[in-house]
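[1] could you look at this predicted model? Sequence included:
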Amino acid sequence: MWKTVLALLVTIIVVPVLAFTMDEPLTGSQHGILIKLLVVYLAATLLCFLVSSIAGNYSQVDKLWSLMPIAYVWMVAVETGFEARLVLMALLVTIWGLRLTFNFFRKGGYSWKFWTGVEDYRWAVLMEKPELKAKWRWMVFNLFFISLYQMGLILLISLPAVRSVDGLSLGWADYLIAALLLFVIVVETIADQQQWNYQKAKQKALSAGGELEEKHKKGFVHTGLWSLSRHPNFAAEQAVWIVFYFFSVAATGNWLNWSVMGAILLVLLFWGSSSFTESISAEKYPDYADYQKRVPRFLPFKL
């Protein structure tokens, strides 16, 4: 466990350093904007750490996951005097964020008591791990991984907006990227809705005490997009930010620039996160191991 956490913490330091050395230095405008974003990041990180520690609810970052990128990208758009590309990027991130916020809201993630709400079940499982059971160890984990790392990742996936500042004129490539991004958001919406429908139907049948339909006896969603990928929503979420990165490519004309680090780290996080999620599912559902053998993890085909 600690090796995994340490590896992730190292990547969020090493990857940005390598990325910045591979590309052109920050311009004066980009540097000034990045400093302002870093201030917001540190404030949000401290808030999440303090609230989660006091309330004992460690899904504070989850509540901000869909909101902070909206704030970051609009901040960049405002700082540039609403450059056309930045406005387009901000609008698309807003669409993504509002949809994801609604999905988290209907699961009970938000409450008028902002420090409460449904907590990600995986945190409770992690807290029982021998490596994290001691209170001081969990506090360290909460500070460095849950708060600093995850909030840092949210900032990093938003950085293509900063790299796009003072870029080339808006062109056909931007519209193509925008269309692709909207398509991926639609896919993610369908995947989340299919999962929601499945779980609600299963819970309704269990509450009624009746016989479960065959598909609900498995216990986990495995139809629709979920018959093609074990995590179609996770796959789409990664694709959103990979596609978002290409706005910086259109703005600079460079296929590889330092803002790619957010997408890279996001893929690494989702790989580790999905592995942990599946380890829990495999223990809970007898048919999950067979599902893992038949259906690819993210992409709808096996490499």
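    Done, it's in.
[2] now do the buried residues in stretch 203-218.
    By neighbour count on 16 or more other Cβ atoms under 10 Å, the buried set for stretch 203-218 is His216, Lys218. Just so you know, the C-beta spots here come from the backbone N, C-alpha and C atoms, and that holds for glycine as well.
[3] how about residues contacting that stretch?
    For stretch 203-218, contacts defined as Cβ atoms under 8 Å, 6 or more residues apart in numbering pick out Tyr198, Ala201, Lys202, His222, Thr223, Tyr285, Asp287, Tyr291.
[4] mind doing that once more with 10 Å?
    For stretch 203-218, contacts defined as Cβ atoms under 10 Å, 6 or more residues apart in numbering pick out 198-199, 201-202, 219, 221-223, 285-288, 290-291.
[5] among those, name the buried ones.
    Taking 16+ other Cβ under 10 Å as the criterion, what is buried in these is Tyr198, Lys202, Gly219, Val221, His222, Tyr285, Tyr288, Tyr291.
[6] farthest pair in these?
    Lys202 and Tyr291 (15.7 Å; Cβ to Cβ).
[7] just to revisit the earlier point, and which of the contacts of stretch 203-218 is nearest Leu47?
    Proximity of the contacts of stretch 203-218 to Leu47 (Cβ to Cβ) peaks at Gln199, which lies at 30.5 Å.
[8] that closest one touches Trp226, doesn't it?
    No. If you go by Cβ atoms under 10 Å, Gln199 and Trp226 don't touch, sitting 11.6 Å apart.
[9] overlap in contacts, the two.
    Shared contacts of Gln199 and Trp226 (Cβ under 10 Å, 6+ apart): Phe220.
[10] ok, back up a step: filter the contacts of stretch 203-218 down to just the ones in helices.
    Using DSSP state H, the members of these that fall in helices are Tyr198, Gln199, Ala201, Lys202, Tyr288, Asp290, Tyr291.
[11] wait, what's in contact with the second one?
    Just to be clear, that refers to Gln199. Lys107, His216, Gly219, Phe220, Val221.
[12] what bits of the stretch 201-303 of the chain have low per-residue confidence?
    For the stretch 201-303 of the chain, applying pLDDT under 70 flags the ranges 210, 303.
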